[in-house]
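[1] everything below, folded, please.
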Amino acid sequence: MLAAAVLAVPAAATDGDVVDQDQVRAAAVAAAPDPGYLKAAEPAARAIAAEFKIPASVTAAQSILESAWGRSRLAVQDRNYFGFKCTSAGPGPVANGCHEYPTTECTPECHPTTASFRTYESMTASFRDYGRLITTSDHYAAALPLAGDANAFVTEVAKKYATDPSYADKVIKLMQDNDLYRFDAPQP
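    Numbers count the residues shown, from 1 in each chain. Okay, here's the model as predicted:
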């Protein structure tokens with residue numbers, strides 16, 4: 001397992017009192033690429049690819065989208081790069097705790113609420129929880145055989161991962177614009 005890489009970056013415009021993943025995703029799409037984030041995320045994404053057979057490009061791009069390049073409140077304070085919530089059973093086998101935040105839920109009407117989000121000891125742990133979730137949940141089983149095609153893989157994952165109908169397109173754009181497919185190639 002790789003050593004933990006923790007980013008100490010200032011929170012972006014997403015650091016208000018409410019955790020709003022839609023705002024975080026919008027900030028990620030609007031932000032200029034952050035080479036420092038990519039440098040920190042690459043080893044974690046490659047480790048997940050090796051352990052779980054998930055395209056590193058997808059892991060990195062989803063972390064960018066879900067954490068606004070590591071600047072979201074969840075990423076900065078709790079090293080949660082995917083917006084994962086705790087369940088009624090607790091944080092799960094990888095996270096080290098839960099942190100409650102005001103948030104907005106849409107079920108289907110949007111309303112304010114409080115939710116418990118997972119906390120992690122490191123970026124690597126957050127990425128590892130992502131790998132574990134994608135490979136153990138029946139929701140994503142149809143994506144696993146597509147791991148050799150990052151675009152097809154994330155298109156399938158997006159069907160259950162997010163309610164945003166353009167979620168896969170956003171992840172693919174991040175992969176294309178930042179040449180994240182290079183993370184899928186063997187290192188020289």
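[2] and the contacts of stretch 121-139?
    1-7, 40-41, 43-45, 47-48, 51-54, 59, 62-63, 70, 79-82, 84, 92-96, 118, 120, 140, 143-144, 157, 160-161 (CB atoms under 8 Å, 6 or more residues apart in numbering). Every residue, glycine included, has its C-beta placed from N, CA and C.
[3] which among those residues count as buried?
    Buried members of those, counted by 16 or more other CB atoms under 10 Å: 5, 7, 40-41, 43-45, 47-48, 52, 54, 59, 62-63, 70, 79-82, 84, 94-95, 118, 120, 140, 143, 157, 161.
[4] out of these, which sit inside strands?
    In strands, defined here by DSSP state E, the members of the buried ones among the contacts of stretch 121-139 are residue 118.
[5] which residues of this protein fall in helices?
    21-30, 35-52, 56-67, 73-78, 123-136, 150-161, 167-177 (DSSP state H).
[6] any stretches of the protein with poor pLDDT?
    Counting by pLDDT under 70, the ranges of the chain that qualify are 1-18.
[7] sorry, back to before: just the helices of the chain: most buried one?
    The highest average neighbour count among the helices of the chain, using mean count of other CB atoms under 10 Å, belongs to helix 56-67 at a mean of 28.
[8] distance between it and the chain's centre?
    5 Å (CA atoms, centre = their mean, to the nearest Å).
[9] likewise for stretch 55-67?
    5 Å.
[10] again with stretch 177-184
    That offset, for stretch 177-184, works out to 16 Å (CA atoms, centre = their mean).
[11] outside of it, which residues touch it?
    Defining contact as CB under 8 Å, 6+ apart, one finds that stretch 177-184 is touched by 33, 38, 42, 45-46, 49, 55-57, 60-61, 64, 150, 174-175.
[12] mind running it again at 6 Å?
    Applying CB atoms under 6 Å, 6 or more residues apart in numbering, the external contacts of stretch 177-184 come out as 33, 42, 45, 55, 56, 57, 60, 61.
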